[in-house]
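Colleague: what would the 3D arrangement of this be:
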Amino acid sequence: MPVTTRTTDTRRSILDTAQRIMARKGYSAVGINEVLAEVGVPKGSFYHYFASKDAFGEAILKSYFADYLADVDGILARSDQSAAERLMAYWQQWRETQSVEECQGKCLAVKLGAEVADLSESMRLALKEGTSAIVDRIARTIADGLEDGSLSVDADPRDVAQALYDMWLGASVMCKIHRSLAPLDTVTAVTRGLLHL
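Modeller: Predicted coordinates:
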């Protein structure tokens with residue numbers, strides 16, 4: 001295997017492992033050595049792959065959002081469903097990936113959002129870019145729903161999309177606090193009301 005491929009594979013393995021561990025423990029509680037040990041990479045190799053722990057954190061978030069957005073695009077691009085059905089499928093997927101005990105790396109924005117926004121400007125910007133891209137996709141799907149007649153809203157689609165995302169993010173945090181999925185059940189009902197479904 002060429003060195004560049006091995007380097008890319010190792011870097012990806014480090015990022016995937018860190019994402020899974022950090023989704024469970026948070027950013028500050030995870031040491032670089034813990035991640036490297038799990039991947040089987042020598043400690044001294046870290047700076048071959050990342051310039052700093054901040055650069056590492058930023059890379060984790062960018063990798064997470066790239067994968068997450070690909071999943072979102074797969075849900076929201078389904079041609080056999082109305083826009084309203086696609087949006088509700090997205091929210092259902094969100095609910096299914098938010099486990100009270102363990103989210104297996106599927107909820108990194110929820111887990112790290114508040115923690116790293118004040119610690120690292122580059123990570124805050126990666127979170128902002130990633131979450132804005134999600135809201136953009138939701139807004140486009142709401143606009144599609146207005147066009148296909150499957151939903152209606154009482155405000156600008158972008159504003160509604162932002163409010164929905166903010167609500168779901170907050171409900172996800174509340175699930176962790178209450179150790180219950182009830183907040184996501186509540187926000188599902190409110191979402192249906194906001195979209196007039």
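Colleague: the least confident helix or strand in the chain by mean pLDDT: what's the following helix or strand?
Modeller: Lowest mean confidence among the helices and strands of the chain (mean pLDDT, DSSP states H and E): helix 108-117, at a mean of 74. Sequence-wise, the next helix or strand downstream of helix 108-117 (DSSP states H and E) is helix 121-148.
Colleague: how far does that following helix sit from the chain's center?
Modeller: 11 Å (C-alpha atoms, centre = their mean, to the nearest Å).
Colleague: name the helices or strands packed onto it?
Modeller: Contacts defined by 3 or more C-beta pairs under 8 Å, 6 or more residues apart in numbering; DSSP states H and E place helix 121-148 against helix 53-76, helix 83-97, helix 108-117, helix 157-178. C-beta coordinates here come from the backbone N, C-alpha and C atoms, glycine included.
Colleague: helix, strand or coil for the nearest residue to residue 21 once chain neighbours are set aside?
Modeller: With sequence-adjacent residues excluded and distances taken as C-beta to C-beta, 6 or more residues apart in numbering, residue 21 is closest to residue 30, at 5.3 Å. Taking DSSP: H, G, I helix; E, B strand; the rest coil as the rule, one finds residue 30 in the coil state.
Colleague: pull the contacting residues for residue 191.
Modeller: Going by C-beta atoms under 8 Å, 6 or more residues apart in numbering, residue 191 touches 88, 91, 164, 167-168.
Colleague: what angle separates the helix or strand in which it is found from helix 121-148?
Modeller: Assessed by DSSP H and E, residue 191 sits inside helix 182-194. Orientation of helix 182-194 against helix 121-148 (axes from the mean of the first three to the mean of the last three C-alpha atoms, to 10 degrees) gives an angle of 40 degrees.
Colleague: now helix 182-194, how far from the centre of its chain.
Modeller: Centre-to-centre, helix 182-194 and its host chain are 19 Å apart (C-alpha atoms, centre = their mean).
Colleague: just the C-alphas of it, formatted as PDB.
Modeller: Taking C-alpha atoms only, helix 182-194 is exported to PDB below (Å, rounded to 0.1, in the frame of the first residue of the first chain):
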ATOM      1  CA  ALA A 182     -39.600  12.400  25.800                       C
ATOM      2  CA  PRO A 183     -38.100  15.800  24.800                       C
ATOM      3  CA  LEU A 184     -37.700  14.400  21.200                       C
ATOM      4  CA  ASP A 185     -41.300  13.200  21.300                       C
ATOM      5  CA  THR A 186     -42.400  16.700  22.300                       C
ATOM      6  CA  VAL A 187     -40.300  18.400  19.600                       C
ATOM      7  CA  THR A 188     -41.600  16.000  17.000                       C
ATOM      8  CA  ALA A 189     -45.200  17.100  17.700                       C
ATOM      9  CA  VAL A 190     -44.200  20.800  17.700                       C
ATOM     10  CA  THR A 191     -42.400  20.300  14.400                       C
ATOM     11  CA  ARG A 192     -45.500  18.800  12.800                       C
ATOM     12  CA  GLY A 193     -47.400  21.800  14.100                       C
ATOM     13  CA  LEU A 194     -44.900  24.400  12.700                       C
END
